[in-house]
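> my questions are about this predicted structure, shown below with the sequence.
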Amino acid sequence: MGIVRHKYNAVRTEIDGIKFDSKKEAAYYVQLKILKRSGAVVQFLRQVPFHLPGGVKYVCDFQEFHSDGSVHFVDVKGMLTPEFKAKKKMVENLYAPIVIELA
């Protein structure tokens with residue numbers, strides 16, 4: 001695991017050759033892998049893009065497909081910035097019924 005500091009004192013972390021913006025996001029990824037092995041999560045995607053007006057793009061950390069048929073969009077945040085809150089609201093308005101969950 002390589003470690004590098006970045007904005008908001010998050011520590012960039014690498015697992016399985018994948019670079020995560022924070023240790024928290026990396027830990028969530030490990031948790032998803034465990035849930036997938038258990039069968040609770042069928043599949044998950046990382047860095048899912050949503051295209052917003054004005055050429056703006058919001059990238060959600062994870063899209064999860066659960067064994068009960070539900071689909072969850074999860075963003076792992078340590079700090080909720082005004083920019084994140086605005087983009088989250090735009091995604092939820094434009095792509096309803098999608099809701100961005102926080103971890």
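That came through fine.
> helix or strand for the residue nearest the centre of the chain, which one?
Centroid-nearest residue in the chain, with C-alpha atoms, centre = their mean: Asp61, separated by 1.8 Å. Using DSSP states H and E, Asp61 falls within strand 56-66.
> ok, then the element right after that strand?
strand 71-75.
> could you check the angle that following strand makes with strand 56-66?
In terms of direction (axes from the mean of the first three to the mean of the last three C-alpha atoms, to 10 degrees), strand 71-75 departs from strand 56-66 by 130 degrees.
> next SSE downstream of strand 71-75?
helix 82-94.
> before we move on, back to that, the strand holding Asp61 vs helix 82-94, what angle?
70 degrees.
> chain center to strand 56-66, what's the gap?
Relative to its chain's centre, strand 56-66 lies at 5 Å (C-alpha atoms, centre = their mean, to the nearest Å).
> please export the C-alpha coordinates of that strand as CSV.
Output of strand 56-66 as CSV, limited to C-alpha atoms (Å, rounded to 0.1, in the frame of the first residue of the first chain):
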residue,chain,number,x,y,z
VAL,A,56,-19.7,19.5,-15.8
LYS,A,57,-19.0,16.0,-14.7
TYR,A,58,-19.7,14.4,-11.3
VAL,A,59,-17.9,11.1,-10.6
CYS,A,60,-19.5,8.8,-8.0
ASP,A,61,-17.1,6.5,-6.1
PHE,A,62,-19.2,3.3,-6.4
GLN,A,63,-22.2,1.8,-8.0
GLU,A,64,-23.3,-1.3,-6.2
PHE,A,65,-25.6,-4.1,-7.4
HIS,A,66,-27.0,-5.9,-4.4
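> partner strands of that strand, with direction?
Using DSSP bridges, the strands paired with strand 56-66 are strand 41-52 (antiparallel), strand 71-75 (antiparallel).
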